[in-house]
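1. Need a 3D model of the following:
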Amino acid sequence: MESSETEENQKQKIAQHWSFPWSIMDVLIGGKSSIDLLELSIESEKDAQLFLESYGYFPASGKDRKKMHSVLVESLYFIEKFLMPKEWSHGLVPPDEVLLCEDPTKLLLYASPKRNDSSHESKVKQAWACATLKVMHTISHLDDLHRLNNIQEARSQIMGRFQKALFRDKAGKLWFGDEKSYIELARVDWKPYKSRNSMILKLLHKPANVAETIFDLLGVRIITKNLSETLVAVKFLRQFYLVDFANIHPSRSRNNLIDVDQFHMHIETLKQMLINGNINIEGFEGMVKKLDTPVNLRKKTSNPHSSSHYRSIQLTCRQRVRYLDPYTTWQEKLNYYLKEHNISSENKQVISEFLHFASHWNHAEKHKEISIFFPFEVQIMDEEAAHTIEQGEASHDRYKRAQIRTARRRILSKVLNL
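-> Have a look, this model is predicted:
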């Protein structure tokens, strides 16, 4: 009997050894995002604590508990306001255990189904816990995207380059280039700062769900008068050192606006005709403006949320941005305050001592400079394509609604199907 039990134990150990959490394996080596998991497999409070510590949060730390709770509250707010405002207003809300939760370890346990509990209440709690944790994960990574702290300085340095290549004549026409080489533009649109909620939504529908893959925090859209001059605008990006071709993100270069091969063939033919005297300058310029070789609109877009009518040339670039580190900036502000304001001797002593300690933080350099590569997006299109974006099938509102639909399916599939 004893040997039989020992053999049975051995069988259990072997079976356990070769048992795999297949959904987690898909995340580890199968290319699946953790956002797409339907459940977790955390069996105890200790497992939940170890999971959080591995993630980077320490439940025993008051600071970390406060941070996790703030992320939890923001996640529930985001779900309510952006992913399911109608359903929430009609009473489809999380159970109190999730809605009033102050301990994320509890959420991890709720998100892990119990083998002996198949009740509807348990399923509801699990579905809501999973949805909330997915949004919390997204927000946590977004908060660690340090380049967001320097976006205003990056905007000034990056967009400043473009502004130097733009000018208006006395008639108010907008030109791109310099006094020797230029084209007329319909307009230039500067990408507004992407709001925090927009960034969360963007990450929730991105397959990788990684904050470092947000490349369009800054951007500019250059709109030419006609299609052929979009390629001249692209050339000007390099000619006037607005972007560095070595810092282009090659996998994110897109062109579904103009057929470059066809244009190349036509423009070379026209140039030869001009040089040979077969056409004059006026004839050449007129024929160039008529070059209409758009890319086949049936070509599938790389972005599943973009309309097939959205036509543009798009580049993702990077520029090194330099700025003083925060310690140096605050030291300068405090020194200025001491010199320019009358303050009590007691407060003056406190500030002076703080500056004394702070001076050791930057002992290597008097003015410590930080530099990072900051991504930005350039879009180039003609007036017709721009009009389609604003008025037609490719409007931003449609694009945003498509994003929300994808995020809802990804985050709330179990909640909405209960």
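2. Report the residue spans of the stretch 51-200 of the chain with pLDDT below the cut-off.
-> Within the stretch 51-200 of the chain, the ranges that satisfy pLDDT under 70 run 115, 144-149.
3. mind listing the helices for it?
-> Under the criterion DSSP state H, counting those that start in this stretch, helices of the stretch 51-200 of the chain are mapped to 62-78, 85-89, 96-99, 104-110, 120-143, 151-164, 196-205.
4. Packed most tightly, which of the ones you listed would that be?
-> Comparing these by mean neighbour count (mean count of other C-beta atoms under 10 Å), helix 104-110 ranks first with a mean of 22. For glycine as for every other residue, the C-beta is placed from the backbone atoms N, C-alpha and C.
5. Name the residues that touch it?
-> Applying C-beta atoms under 8 Å, 6 or more residues apart in numbering, the contact partners of helix 104-110 are 40, 42, 44-45, 47-49, 51-52, 57, 59, 68-69, 72, 97-98, 101, 125-126, 128-129, 132-133, 136.
6. change it to 10 Å
-> 40, 42-52, 55, 57, 59, 64-65, 68-69, 71-72, 75, 94-95, 97-98, 101, 103, 122, 124-130, 132-133, 136 (C-beta atoms under 10 Å, 6 or more residues apart in numbering).
7. Specify the stretch among the helices of the stretch 51-200 of the chain that is closest to residue 243.
-> helix 151-164 (8.4 Å; C-beta to C-beta).
8. Residue 222 belongs to a strand, doesn't it?
-> Yes: using DSSP: H, G, I helix; E, B strand; the rest coil, the assignment for residue 222 is a strand.
9. just to revisit the earlier point, now the helices of the stretch 51-200 of the chain in TSV, with distance to residue 313?
-> Formatted as TSV, the helices of the stretch 51-200 of the chain follow (distance: least, C-beta to C-beta, whole Å):
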stretch	distance to residue 313
helix 62-78	33
helix 85-89	36
helix 96-99	46
helix 104-110	44
helix 120-143	29
helix 151-164	15
helix 196-205	21
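10. hang on, isn't residue 98 packed against residue 124?
-> Yes: here residue 98 lies in contact with residue 124, judged by C-beta atoms under 10 Å, at a distance of 9.0 Å.
11. Any idea which residue is closest to the centre of the chain?
-> residue 214 (2.4 Å; C-alpha atoms, centre = their mean).
12. What separation do you get for that residue and residue 135?
-> Residue 214 sits 16 Å away from residue 135, going by C-beta to C-beta, to the nearest Å.
13. What of residue 32?
-> According to C-beta to C-beta, residue 32 and residue 135 sit 18 Å apart.
14. Residue 349 too?
-> Per C-beta to C-beta, residue 349 is found 47 Å from residue 135.
15. for the protein, longest strand please?
-> Once the chain is assigned using DSSP state E, the strand that runs over the most residues is strand 369-382.
16. Only C-alpha atoms, please: export that one in CSV.
-> What follows is strand 369-382, C-alpha atoms only, in CSV (Å, rounded to 0.1, in the frame of the first residue of the first chain):
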residue,chain,number,x,y,z
GLU,A,369,23.1,68.5,-19.6
ILE,A,370,20.9,65.6,-20.5
SER,A,371,20.3,64.5,-24.1
ILE,A,372,17.9,62.0,-25.5
PHE,A,373,16.6,60.9,-28.9
PHE,A,374,13.0,62.1,-29.1
PRO,A,375,10.7,60.7,-31.8
PHE,A,376,8.4,62.8,-33.9
GLU,A,377,6.2,62.2,-36.9
VAL,A,378,6.1,64.0,-40.3
GLN,A,379,3.1,63.7,-42.6
ILE,A,380,3.1,65.1,-46.1
MET,A,381,0.0,65.2,-48.4
ASP,A,382,-1.7,67.3,-51.0
